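# coords please:
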Amino acid sequence: MARKIAIGVGVLVALFLVVVATRPATFHVERSLRMEAPASAVAAHIEDFHAWRMWSPWEKLDPNMKRSFFGKARGVGAGYAWEGNDQVGKGRMTVIESSPSKVAIKLEFLAPWTATNTATFSFAPPDGHATTTTWAMDGQNNFMAKAVGLFMDMDEMIGADFERGLQNLKAEAERE
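Numbering: from 1, shown residues only. Down below sits the predicted model:
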């Protein structure tokens, strides 16, 4: 009887490992929002990490979060590092591309897990004075991320934060 149970458990573990191994190797999360502001005004709040305190959905999760800035003040080469409670962890961001239609950021999570992703803010051609801003994040799924992905959906986890952040960003950009 114990042998049959052990074989059954072994088969279940093997099946789980096969299912995890066949999960997608990458992920993509994306949200968009129309803002009554020119792309340059929206981009100014993104490529200057000092401005993130006003709109980022994660900035309010830890009032005691330690922040530091490095590199340029804004644009390509601007950097931001944070260390906070277990809701925000530890990491850093660096602007790697900035153009009238896009700001791309290298996003490095250092704790409680390690990962390097790319966050991209793209600006659709203006429709009058309005700009549609799209916030996307792309990254790799290692084996552990694939396993967690069986039980937690990255799009659902991060998507709501992106929606909140875009609403906050809209308010800041339109205030100007």
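
# contacts, neighbours, all on C-alpha from now
Will do.

# so where is this structure shaky, pLDDT-wise?
Flagging of the chain using pLDDT under 70 yields the residue ranges 17, 20, 126, 143, 146.

# Break down it into its helices, ranges please.
The residue ranges that make up the helices of the chain, judged by DSSP state H, are 2-21, 39-46, 52-55, 143-149, 154-175.

# Would you convert those helices into CSV that also reports distance to Arg92 and mean neighbour count?
Rendered in CSV, the data for these read as follows (distance: least, Cα to Cα, whole Å; neighbours: other Cα atoms under 10 Å):
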stretch, distance to Arg92, mean neighbour count
helix 2-21, 29, 12
helix 39-46, 14, 20
helix 52-55, 13, 17
helix 143-149, 20, 16
helix 154-175, 17, 17
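
# nearest to Pro63, of these?
helix 52-55 (10.6 Å; Cα to Cα).

# Kindly spell out which helices and strands sit in contact with that closest one.
Helix 52-55 sits against helix 154-175, with contacts defined as 3 or more Cα pairs under 8 Å, 6 or more residues apart in numbering; DSSP states H and E.

# Contacts for the helix it packs on next, please.
Contacts of helix 154-175 with the rest of the structure, by Cα atoms under 8 Å, 6 or more residues apart in numbering, involve 27-37, 41-42, 45, 54-58, 133, 135.

# Now a PyMOL select for only the buried ones of the residues you listed.
Buried members of those, identified by 16 or more other Cα atoms under 10 Å, are gathered into one PyMOL selection as follows:
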select buried, resi 27+29+30+31+32+33+34+35+36+37+41+42+45+54+55+56+57+133+135
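
# between the helices of the chain, which gets nearest to Gly71?
helix 39-46 (15.3 Å).

# Restricting to C-alpha, output that closest one in CSV.
Extracted in CSV, the C-alpha atoms of helix 39-46 (Å, rounded to 0.1, in the frame of the first residue of the first chain):
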residue,chain,number,x,y,z
ALA,A,39,3.1,63.3,-24.1
SER,A,40,6.0,65.6,-23.0
ALA,A,41,4.1,66.5,-19.8
VAL,A,42,3.3,62.8,-19.0
ALA,A,43,6.9,61.7,-19.8
ALA,A,44,8.3,64.4,-17.5
HIS,A,45,6.7,62.6,-14.5
ILE,A,46,8.1,59.3,-15.6
